[in-house]
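In: Return atomic coordinates for the entry below.
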Amino acid sequence: MKNISVYIVSGLIILIGAAARFAIGNIYSEAEATNLIEALTGTGLYLGSAIAGASATTLALMLTLLGLTRQSDADFDHDVFRSISQVAWLSTVSLVGAVILLLMLVLPVGEFEKMPEGWYRIMYEVIFAQTVIVCALLVATVVRLFLAIRHVISRVTPGDDI
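Out: Here you go, the predicted structure:
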């Protein structure tokens, strides 16, 4: 049941990305695709770097949380450790996706000669899709992390569940 909110929020990000792509419309020429890639590259590099940094930081924090749960006097059930594992997995996939995005964004667009017809249009679609996917992964990680933290807090806090 808890993972449903992760899927809902991630799906919402993907829907927003699909709507944005639909709003851009069809790409009719290689020059137009090249311009769109260059526009996407400007912000995409910052976004990819931020997501990579956030993912790496989250992985380190999951190690800390794992250590705290092992040293705590509270008894943690298997769900807590599964939550930590899921956050770590999502962070790892986000980090790898962000690195792939960064690698795609540093290609020298427009400087290749004799590219196959439609190459830049395909490249734009792939970069745009990768950007949306990495954003959705980051949001999924944050929501899953929130759920894991709530679970840990409910186990260590005396009194009513939070």
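In: quick one, helices of this protein?
Out: Taking DSSP state H to define them, one finds helices in the chain at 2-24, 30-71, 78-105, 119-156.
In: Kindly provide the whole-number mean pLDDT of the longest one.
Out: When you say that, I think you mean helix 30-71. Averaged over helix 30-71, pLDDT sits at 84.
In: So which elements touch it?
Out: Based on contacts counted as 3 or more Cβ pairs under 8 Å, 6 or more residues apart in numbering; DSSP states H and E, the elements that helix 30-71 packs against are helix 78-105, helix 119-156. C-betas here are computed from N, CA, C, even on glycine.
In: I'd like those helices laid out as CSV, including mean neighbour count.
Out: As requested, those are arranged in CSV below (neighbours: other Cβ atoms under 10 Å):
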stretch, mean neighbour count
helix 78-105, 19
helix 119-156, 19
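In: mean pLDDT lowest for which of those?
Out: helix 119-156 has the lowest average pLDDT among these, namely a mean of 87.
In: How about residues contacting stretch 134-153?
Out: Residues outside stretch 134-153 that contact it (Cβ atoms under 8 Å, 6 or more residues apart in numbering): 2-3, 5-7, 9-11, 13-14, 17, 47-48, 51, 54-55, 58, 65, 69, 76, 79-80, 83-84, 86-87, 90-91, 93-94, 97-98, 101, 162.
In: how about 7 Å then?
Out: Defining contact as Cβ atoms under 7 Å, 6 or more residues apart in numbering, one finds that stretch 134-153 is touched by 2, 5-6, 9-10, 13-14, 17, 48, 51, 54-55, 58, 69, 79-80, 83-84, 86-87, 90-91, 93-94, 97-98, 101, 162.
In: Pull that stretch out as CSV, backbone CA atoms only.
Out: Taking only C-alpha atoms (Å, rounded to 0.1, in the frame of the first residue of the first chain), the coordinates of stretch 134-153 have been written out as CSV:
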residue,chain,number,x,y,z
VAL,A,134,15.4,10.8,-14.0
CYS,A,135,13.1,13.4,-12.5
ALA,A,136,10.5,10.7,-11.9
LEU,A,137,13.1,8.5,-10.2
LEU,A,138,14.2,11.4,-8.0
VAL,A,139,10.6,12.1,-6.9
ALA,A,140,10.1,8.4,-6.3
THR,A,141,13.2,8.3,-4.1
VAL,A,142,12.1,11.3,-2.1
VAL,A,143,8.6,9.9,-1.5
ARG,A,144,10.0,6.4,-0.6
LEU,A,145,12.5,8.1,1.7
PHE,A,146,9.7,10.0,3.4
LEU,A,147,7.8,6.8,4.0
ALA,A,148,10.9,5.1,5.4
ILE,A,149,11.6,8.0,7.7
ARG,A,150,8.0,8.0,9.0
HIS,A,151,8.3,4.2,9.6
VAL,A,152,11.5,4.6,11.6
ILE,A,153,10.1,7.6,13.6
